[in-house]
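Undergrad: Return atomic coordinates for the entry below.
(2 chains)
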Amino acid sequence: MPEEQSMTDTPTGEKAPDSGAISDFGIDTTSKSAGEALREYVAKVRGGDFGSLPALLGLLVLVIFFGTQSETFLTLGNISNLLAQGAGIVIIAMGLVFVLLLGEIDLSAGTASGVAASVMALHLVKDGNMLSAFGDGVFYITCGFMLIAAVLSALLRIWPGVVLPVIGLVILLLGVPPNAWIEMLLALCIGTSIGSLTGYLVAKVGIPSFVVTLALFLAWGGVTLKYIGQGGTLPIRNDKVLFNVANGNLDTTGSWVLFLLAAGGYTAVVLNRHFSRLRRGLVAQPTPLVLIKVGTVILLGAVATVLLTQNRAVNPNVIILGVPYVVPIVLVLLTVGTFVLDRTGYGRHIYAVGGNAEAARRAGINVPKIRMSVFVIASSVAALGAIVYSSKIGSVSPSSGAGNTLLFAVGAAVIGGTSLFGGKGRLRDAVIGGAVIAIIENGLGLLKQEAAVVSIVTGLVLLLAASVDALSRRRSAAS
Amino acid sequence: MSEPILELRGINKSFGPVHVLHDIDFTVRAGEVTALVGDNGAGKSTMVKSIAGIHPIDSGEVLFEGQPVTIHSPREAADYGIEVVYQDLALCENLDIVQNMFLGRERGKYGLLDEADMEQAARKTLASLSVRTVKSVRTPVASLSGGQRQTVAIAKSVLWDSKVVLLDEPTAALGVAQTRQVLDLVRRLAEQGLGVVLISHNMNDVFEVSDRIACLYLGRMAAQLPTKDVTHGQVVELITAGRSGDLGIARPESATI
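TA: Next up is the predicted model:
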């Protein structure tokens, strides 16, 4: 990597263009021209730090390929369907990014989400009487498990991991009558409880996460089966709220309000940060690049909103329009998660532990606590994903969350550019990677390919992504 | 000559039956570089870890700025202003320079990070050490050279108004030019009034930057002398035999257990 070497090692060869603020700090530059920034980016990519670039290119290739091969692929109806299909996987993948950032893995997120979905559906179908839904033994074991989960979280002082299982326990014990919001909360509580157990086993007992979550992957699959019963299917499409999570749309006004909030908020945050950094003489991106970035986001958002507020029903007698609810759901999770990872001390510590656990420990970071907390987050977020995918299907069965769910979610995170070796990755990777997977599945389905082909292609894409990850790692290690 | 900032008196330390440190007396003065030399297994690392609070001492007294103190953990050592830069540096490669320098002690309110404040403080510290080799304080550590990483690790240790900095073989893995940079930096730390302890095997480095040389031999302090009063050869003899002429331990053979 000659470019990179010369860039970091030149003693005083390059002149600082204008930063007169701290003159004796050698060649440190705070503001770069757009050209410099681009050259630096190219050098970064050549140095092996690809980020989400391969996934974005892949996305482009896939869209062009399916767009030319299938007439229905680029129709509005299919695009909105694609969003709802992919949302569940994307959400689970966002939770998994936290775990992958530590270089750990959570194989049980899929079946754990199935447990959350089944409890949610049972609560609805059995009118909130979980004692009769489960039977005595299973009911008390479940309650005991949630209590233990709360205690384990309390041991490491992860307070959300205490509060949510206790709330879930109260809902179970009181037999709160069915209500869509209560059910969703209950699913989240179950997810948190599961995460506390996984996290404690990995962080404090010290079992490798691969083994813990492999064992729990099997166990939770069994628990879902036990809860629902062989061959059972619990319909949730009769509940308006639960069904609309993945199948409903904002109305036209709502869609534009969403656009204004999202694009306006993004613009305000980015520009405010950029100009305050410039004012204070801190390292900042060149202004034209920032403006282009903001402009692109606004433009894409506006185009998407215009398209999604068109009538997309195939049947002329009905009108379907508006941005699907899953879009704001994913956007909110993405924003909150990105904020936590980038702007809080907790997020910084996650990256630190993923990059060098020993350095983090010496810096006084409570490594076991961080390690346990990411599993709590992953399982909790997986439960949210379960709500979305169950809503999309309209029912919950013993196979919910089993099969490909987890593998697709891990695949989404990795394809998007999250490193399996820890320390590198962002939440938007999960969204980009999830889009790749959803498009492959949807596009091949439209081309009337059988399930076998879908699995093979998805597997190969994942393999490709993992190779890119490994190669980029080797490359940056060599530089 | 300045007042001692850190003083060890009669320190003993055993690991089970192995008596590692025997009645160590050791003085660190503000504004001076004290080189700590000794062969492998002489007890240099144990001594540093005892000062840093990683290993509790068995007996003896530690005086910090003239007051007797007991240090139980690295945290407490840091609170007094004693920082250790270990050989393996302990930097997170995926984080940038600012993030590494503030790791575990991030600034900000309610768990939110104040990046602007941290970046300015980091830049100020690097500027005060006249570090000129880093392109930007937002460069990830992964793309820095060995010498630059050492610089970051040292800068990290002085960010906290520290008074004593212990450097464990900072030049061991560096090339010629990078060693130069780090030694200059070590000198500057002392000029800023810090007490610097430099552990090194390299006699050239030791003679170039240190004001005093403390020589450990088999867990005993063989001698602690001003650098200008000793020669290369004498220090090597002190390291290998524990004595040199009338310097060092009286009869080193009896020192072994």
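Undergrad: can you map out the strands along the stretch 1-150 of chain B?
TA: Taking DSSP state E, counting those that start in this stretch, the strands of the stretch 1-150 of chain B run over residues B:4-15, B:18-29, B:33-38, B:59-64, B:67-69, B:82-85.
Undergrad: Repeat that for chain A.
TA: With strands called from DSSP state E, chain A shows them at A:234-235, A:395-396.
Undergrad: Give me the helices and strands touching the first one, please.
TA: Spelled out, that is strand A:234-235. In this structure, strand A:234-235 makes packing contacts with helix A:109-125, strand A:395-396, judged by 3 or more CB pairs under 8 Å, 6 or more residues apart in numbering or on different chains; DSSP states H and E. Every C-beta, even on glycine, is put in place using the N, C-alpha and C of the backbone.
Undergrad: outside of the last one, which residues touch it?
TA: Judged by CB atoms under 8 Å, 6 or more residues apart in numbering or on different chains, the contacts made with strand A:395-396 from elsewhere in the structure are A:114, A:117-118, A:120-121, A:228, A:233-237, A:390.
Undergrad: Just name the closest of those residues to chain B, please.
TA: For these, the minimum distance to chain B (CB to the nearest CB) is 31.0 Å, reached by A:Met120.
Undergrad: tell me the contacts of that closest one?
TA: Under the criterion of CB under 8 Å, 6+ apart, the neighbours of A:Met120 are A:183-184, A:186-187, A:190, A:236, A:242, A:386-387, A:390, A:396.
Undergrad: coming back round to it: now render the strands of the stretch 1-150 of chain B as CSV, adding distance to chain A and mean pLDDT.
TA: Below are the strands of the stretch 1-150 of chain B laid out as CSV (distance: least, CB to the nearest CB, whole Å; pLDDT from 0 to 100):
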stretch, distance to chain A, mean pLDDT
strand B:4-15, 20, 89
strand B:18-29, 22, 90
strand B:33-38, 21, 92
strand B:59-64, 20, 90
strand B:67-69, 20, 89
strand B:82-85, 9, 88
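Undergrad: out of these, deepest packed?
TA: Among the strands of the stretch 1-150 of chain B, judged by mean count of other CB atoms under 10 Å in any protein chain shown, the one packed with the most neighbours on average is strand B:33-38 (a mean of 26).
Undergrad: Contacts for that one, please.
TA: Here strand B:33-38 makes contact (CB under 8 Å, 6+ apart) with B:26-28, B:44, B:47-48, B:186-187, B:189-190, B:195-201, B:203, B:206, B:209-217, B:224, B:227, B:235, B:238-239.
Undergrad: pLDDT (mean, whole number) over stretch B:191-206?
TA: In this model, stretch B:191-206 has an average pLDDT of 89.
Undergrad: Give me the contact status of it with chain A.
TA: No. Contact between stretch B:191-206 and chain A, assessed by CB under 8 Å from any CB of the partner chain, is absent, since the two come no nearer than 14.3 Å.
Undergrad: What ranges in the chain fall below the confidence cut-off?
TA: Just so you know, I chose chain A. Applying pLDDT under 70 to chain A flags the ranges A:1-32, A:47-49, A:476-479.
Undergrad: Wait, chain B was what I had in mind.
TA: Scanning chain B for pLDDT under 70 picks out B:1-2, B:250-257.
Undergrad: repeat that for 80
TA: Judged by pLDDT under 80, chain B has its weakly predicted residues at B:1-3, B:74-75, B:88-89, B:111, B:128-135, B:160-161, B:173, B:244-257.
Undergrad: State which helix of it is the longest.
TA: Criterion DSSP state H: the longest helix present in chain B is helix B:176-191.
Undergrad: could you check the angle strand B:18-29 makes with that helix?
TA: Regarding helix B:176-191 and strand B:18-29, their directions subtend 70 degrees when assessed with axes from the mean of the first three to the mean of the last three CA atoms, to 10 degrees.
Undergrad: Just the CA coordinates for helix B:176-191, please, in PDB.
TA: Only the C-alpha atoms of helix B:176-191 are listed here, as PDB (Å, rounded to 0.1, in the frame of the first residue of the first chain):
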ATOM      1  CA  VAL B 176      15.800   3.700  13.600                       C
ATOM      2  CA  ALA B 177      13.800   6.700  12.700                       C
ATOM      3  CA  GLN B 178      10.800   5.700  14.800                       C
ATOM      4  CA  THR B 179      13.100   5.100  17.800                       C
ATOM      5  CA  ARG B 180      14.400   8.600  17.300                       C
ATOM      6  CA  GLN B 181      10.900  10.000  17.400                       C
ATOM      7  CA  VAL B 182       9.900   8.100  20.600                       C
ATOM      8  CA  LEU B 183      13.100   9.000  22.400                       C
ATOM      9  CA  ASP B 184      12.600  12.700  21.600                       C
ATOM     10  CA  LEU B 185       9.100  12.300  23.000                       C
ATOM     11  CA  VAL B 186      10.400  10.700  26.200                       C
ATOM     12  CA  ARG B 187      12.800  13.700  26.600                       C
ATOM     13  CA  ARG B 188       9.900  16.100  26.100                       C
ATOM     14  CA  LEU B 189       7.800  14.400  28.700                       C
ATOM     15  CA  ALA B 190      10.600  15.100  31.300                       C
ATOM     16  CA  GLU B 191      10.900  18.700  30.100                       C
END
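Undergrad: Great, nothing more from me.
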